[in-house]
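Pasted the sequence and its predicted model underneath.
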Amino acid sequence: MFTDYVKILVKSGDGGDGAISFRREKYVAAGGPDGGDGGKGGDVYFFVNPDSNTLVDFRYKKKFKAQDGEKGEGAHRYGKGGEDLHIGVPIGTIIKDSETGEILADLSNKGQEELVLPGGRGGKGNSHFATSTRQAPHFSQGGEKGIEKELILELKLLADVGLVGFPNVGKSTFLSRTTSATPKIADYHFTTLEPNLGVVKTPTGESFVIADIPGIIEGASQGTGLGLEFLRHIERTRLLLHVIDVSGSEGRNPVEDFNIINSELEKYSEKLAKRKQIIVANKIDSMQDENLYKELEKMAKEKKIEIFKISAVTGEGLDELLKHVSEVLKTLPKEDIVEIVDKKIYTLEDEEKFTITKEDGMFVVDGPGVQKIMRRVNLEDNESMYYFQKCLDELGVNKALRKAGVKEGDTVKVVDWELEWYD
C-alpha cells in the first residue's frame with residue numbers, strides 16, 4: 001500500500017510541577033523554602049527515516065505523546081525532564097498544521113531532523129518565590145502544559161522528472177523500458193493507482209530519477225478521481241515529460257489532451273504550470289492517422305515546446321529522448337519547491353493569554369495565561385492569594401474586567417474558581 005496523506009494527533013510533554021517544601025533538619029528551627037523545580041516536558045521531533053518510503057504505519061497509530069517532566073522535590077531536588085519523542089517519516093514528507101494549513105517542516109534531506117512541538121517548561125519550586133517580606137511562600141509554580149496539535153503528514157515524491165498525461169497513454173510502459181521499475185501494465189484506464197519511481201541510467205553513465213504519476217483526468221485539480229493526491233507528487237519534479245497518445249486508437253485528439261492536462265496543472269498551481277515540459281508523442285508504431293501527430297507538432301512549435309516521437313513498446317526514439325532529458329536537467333536548478341519563509345515552532349505564547357466572557361450574569365476568565373497562574377496558586381494561603389491578584393493585574397485581566405463592565409459584588413469565575421469582585 002502506498003500512503004501519502006495522513007492526519008495524526010501529537011502532544012509534547014507537560015512540564016513537572018515545582019515543589020512546595022521547607023528545610024527541616026535537626027537544630028534548624030525555621031528552615032527556609034527548598035522546593036525544587038519540575039522537569040521540562042519532552043519535545044516532539046520529526047526525522048527522516050531512511051528505511052521508510054510510505055506513511056502506511058500512521059494509518060494504524062495516530063496518537064503520539066512525548067513524556068511528561070517529573071515533579072520537583074524538597075532539598076532543591078529538580079524533577080527529571082521527560083524524554084523527547086522522535087517520529088520517523090520518509091524523505092520528502094511535509095508536516096502541516098491541520099487547522100491552519102501552515103507548513104511546520106519540510107523533511108527533504110537525508111539525516112534531517114526538525115523540532116515541531118516543544119515540551120512545557122517545568123514549574124518553579126517555592127524557593128524561587130521567597131522575598132524579604134515573603135520568607136515562607138506556601139505556593140509553587142505548576143508545570144507548563146505541553147502543546148497538542150493535529151498534524152497533516154503529506155509525502156511528496158522526490159524525482160527529477162515526472163511523467164504526466166491521460167491514463168493509458170503509455171507512461172508505465174515508458175518507465176518499464178527506461179528503468180528497472182516494474183509497474184503494472186495493462187490496456188485499461190487507471191492501471192497505475194500509485195506513483196512509481198525508477199532510475200534512468202544513460203549510456204554516458206549519468207542518471208536521474210523519473211516518476212510515473214498516475215494518469216491525470218479532467219477535473220483533477222478539483223479533486224476528481226484521485227487528482228489532488230496525484231498532482232501533489234509532480235510539485236517537486238524539475239522537468240515534466242508530457243506523454244501523449246498519437247496513435248488515434250481511442251479516438252482521442254492529441255492537441256485537446258495536451259490542453260486539458262495543462263489546464264489542470266495551471267488550476268492546481270501556477271508555478272507547476274510554468275515548469276519546463278517536453279512533449280513525448282507515444283505509440284507511433286501503431287499510428288493510424290499521421291495528421292494527429294502533425295497537428296500536435298504544429299502546436300508544439302507555436303508554443304516553443306520541444307517534441308519527440310517515440311514508441312515505448314518498440315523502443316524507437318527512446319535513446320535520443322533520454323539523452324536530451326539528461327542534458328536539459330543539467331540546466332535546471334534543484335530548488336526547494338516548498339518554500340518556508342519562517343519555520344514555525346509552536347509555543348504556548350502563540351495562544352491568546354486570556355479571554356473574558358459573560359455567562360448567566362457571571363464574568364468568566366479563562367485561557368492559557370490564566371491557567372498558568374492558577375497552577376501556581378495555593379488557595380488556602382493568604383500570601384499565595386496576594387501573589388495571584390498581582391499576577392492577574394500584571395497580565396491585564398483586572399483592567400480587561402473593568403473595561404468589560406464588572407462592578408463591586410459581581411461574581412468572577414477564574415478558570416474553575418469563583419470569587420467576588422471588589423475594588
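Thanks, I have the structure now.

Okay, now the unreliable bits of the chain?
1-3, 26-30, 157, 180-195, 214-233, 334-352, 375-381 (pLDDT under 70).

Domain map for it?
Annotated domains of the chain cover 1-155, 161-331, 349-420 [automatic domain parsing].

Can I get those domains in JSON lines including mean neighbour count?
Quick note: C-beta positions are derived from backbone N, CA and C, even for glycine. Shown next, in JSON lines, are the domains of the chain (neighbours: other C-beta atoms under 10 Å):
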{"stretch": "domain 1-155", "mean neighbour count": "19"}
{"stretch": "domain 161-331", "mean neighbour count": "18"}
{"stretch": "domain 349-420", "mean neighbour count": "15"}
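
isn't there a strand covering residue 301?
No: judged by DSSP: H, G, I helix; E, B strand; the rest coil, residue 301 forms no part of a strand; its state is helix.

Just the strands from the stretch 151-300 of the chain, written as ranges.
Here the stretch 151-300 of the chain has its strands, by DSSP state E, counting those that start in this stretch, at 161-164, 196-201, 207-212, 239-245, 277-282.

looking at these, which is closest to residue 108?
Closest of the strands of the stretch 151-300 of the chain to residue 108 is strand 207-212, at 13.4 Å (criterion: C-beta to C-beta).

counting contacts, what elements does that closest one pack onto?
strand 161-164, helix 171-178, strand 196-201, helix 318-331 (3 or more C-beta pairs under 8 Å, 6 or more residues apart in numbering; DSSP states H and E).

who's in contact with it?
Strand 207-212 is touched from outside by 157-163, 171-172, 174-175, 178-179, 181, 183, 192, 195-201, 233-234, 237, 241, 325-326, 329, with contacts defined as C-beta atoms under 8 Å, 6 or more residues apart in numbering.

how about that strand as CSV, C-alpha atoms only?
Extracted C-alpha coordinates of strand 207-212, given in CSV (Å, rounded to 0.1, in the frame of the first residue of the first chain):
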residue,chain,number,x,y,z
SER,A,207,21.4,9.0,-14.1
PHE,A,208,18.3,10.7,-13.0
VAL,A,209,15.1,9.7,-11.1
ILE,A,210,11.8,9.6,-13.0
ALA,A,211,8.3,9.2,-11.5
ASP,A,212,5.4,7.7,-13.3
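
strand partners of it, parallel vs antiparallel please.
Strand pairing for strand 207-212, determined by DSSP bridges: strand 161-164 (parallel), strand 196-201 (antiparallel).

Would you pull up how far the last one lies from the middle of the chain?
So the one you mean is strand 196-201. The chain centroid and the centroid of strand 196-201 are separated by 27 Å, computed with C-alpha atoms, centre = their mean, to the nearest Å.

could you give the angle of that strand to helix 318-331?
Following axes from the mean of the first three to the mean of the last three C-alpha atoms, to 10 degrees, one obtains 90 degrees for the angle between strand 196-201 and helix 318-331.

Taking their axis directions, strand 196-201 and helix 171-178 sit at what angle?
Going by the same axes, to 10 degrees, strand 196-201 makes 30 degrees with helix 171-178.

Okay, helices next: where are they in the stretch 301-423 of the chain?
318-331, 368-374, 382-395, 397-404 (DSSP state H, counting those that start in this stretch).

what kind of secondary structure is the residue nearest the centre of the chain in?
Centroid-nearest residue in the chain: residue 95, 1.3 Å away (criterion: C-alpha atoms, centre = their mean). Here residue 95 is recorded as strand under three-state DSSP.

For it, give me its contacts.
By C-beta under 8 Å, 6+ apart, the contact set of residue 95 is 46, 89, 103-107, 114, 116, 151-154.

a markdown table for those residues, including distance to residue 413?
Listed next are those as a markdown table, based on distance: C-beta to C-beta, whole Å:
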| residue | distance to residue 413 |
| --- | --- |
| 46 | 39 |
| 89 | 43 |
| 103 | 38 |
| 104 | 35 |
| 105 | 39 |
| 106 | 44 |
| 107 | 44 |
| 114 | 40 |
| 116 | 34 |
| 151 | 33 |
| 152 | 36 |
| 153 | 39 |
| 154 | 42 |
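
All good on my end, thank you.
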